[in-house]
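Engineer: I would like to see how this sequence folds:
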Amino acid sequence: MFAELGIPGTAALNAEMVELYPPILEGIRHHCWSVMAHGWNNSTGHSGLTRQPEEELIERSLSLLEKTVGFRPWGWLTPGFSVSENTFDLLRAAGIRYTADWVNDDQPYWLQTAAGPLLAIPYTLEANDITLCLSARLAAEAFAQALIAQFDQLWQEGERFPRIMAIGLHPFIVGQPLRVGSLKKALQHIRSRPQTWLTTAEGLYEWYAQACPAPEMT
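Structural biologist: This is a model prediction of the structure:
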């Protein structure tokens, strides 16, 4: 569907998945999607880890993705948003340039870590199929309307300064036959609006880093 609509995607990919389910990686490569590291697996959070075990977990995840995907991911989304007080320092030290762990703004912004600046890429728990379809139990049509309403509001606000709309999708939820058509309807609406840039998280990072470079560390 995304290929048909000409919309690029960013896959938040658990490192363990590339060994357990190789066809997922083959699909990502075939469609030229961007890859954002999503920890080791969704059962392994970082909260409560001391510095060294967390550092080893991050490196193990990134090294496997680099080996199998062919490049070291620029971005990171911690499974379950389960971060520690060291997570962002360790991520930046490991080469990560942006994180989607902060769902508190619709514009990117920089965080200074001990290892250098890290960019917060807007992500969402609201325009997300877990929240809308599983928690709120919206019908397929209401799911589409929620995405359209989110987009329309941000598009209006973007006349003053660009706004970022992320859509959190999980194939086992939105990929159900009763929801696919509604997702397509919402994406067609988004694609049809002028002055709308459909890009990946990496594309967003590159744009923002050039337009609003990270401030010097103090």
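Engineer: Not counting sequence-adjacent ones, nearest residue to residue 199?
Structural biologist: The shortest distance from residue 199 to any non-neighbouring residue, by CB to CB, 6 or more residues apart in numbering, is to residue 8 (6.3 Å). For every residue, glycine as well, the C-beta is placed using N, CA and C.
Engineer: so how far is stretch 95-105 from its chain's centroid?
Structural biologist: Mean-position distance between stretch 95-105 and its chain equals 8 Å (CA atoms, centre = their mean, to the nearest Å).
Engineer: Need the contact partners of it.
Structural biologist: Contact with stretch 95-105 is made by 12, 36-37, 62, 72-78, 81, 83, 87-88, 91, 108, 118-125, 166, 201, 205, 209, as judged by CB atoms under 8 Å, 6 or more residues apart in numbering.
Engineer: next one: stretch 145-156
Structural biologist: So stretch 145-156 is contacted by 106, 124, 126-127, 132, 138, 163-165, 167, 183, 186, 189-190, 193, 196 (CB under 8 Å, 6+ apart).
Engineer: Of these, just the buried ones, PyMOL syntax please.
Structural biologist: Filtering the contacts of stretch 145-156 down to the buried ones (16 or more other CB atoms under 10 Å) takes a single PyMOL command:
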select buried, resi 106+124+127+132+138+163+164+165+167+183+186+190
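Engineer: re the thing from before, what number of residues lie near the residue nearest to residue 199?
Structural biologist: When neighbours are counted by other CB atoms under 10 Å, residue 8 registers 16.
Engineer: So residue 76 is in contact with residue 35, correct?
Structural biologist: No - applying CB atoms under 8 Å as the test, residue 76 and residue 35 come out as separate, 10.7 Å apart.
Engineer: And the strands in the chain, which stretches?
Structural biologist: 10-13, 34-37, 75-76, 98-99, 109-113, 116-120 (DSSP state E).
Engineer: Strand partners (parallel or antiparallel) of the first one?
Structural biologist: According to DSSP bridges, the neighbouring strands of strand 10-13, each with its direction, are strand 34-37 (parallel).
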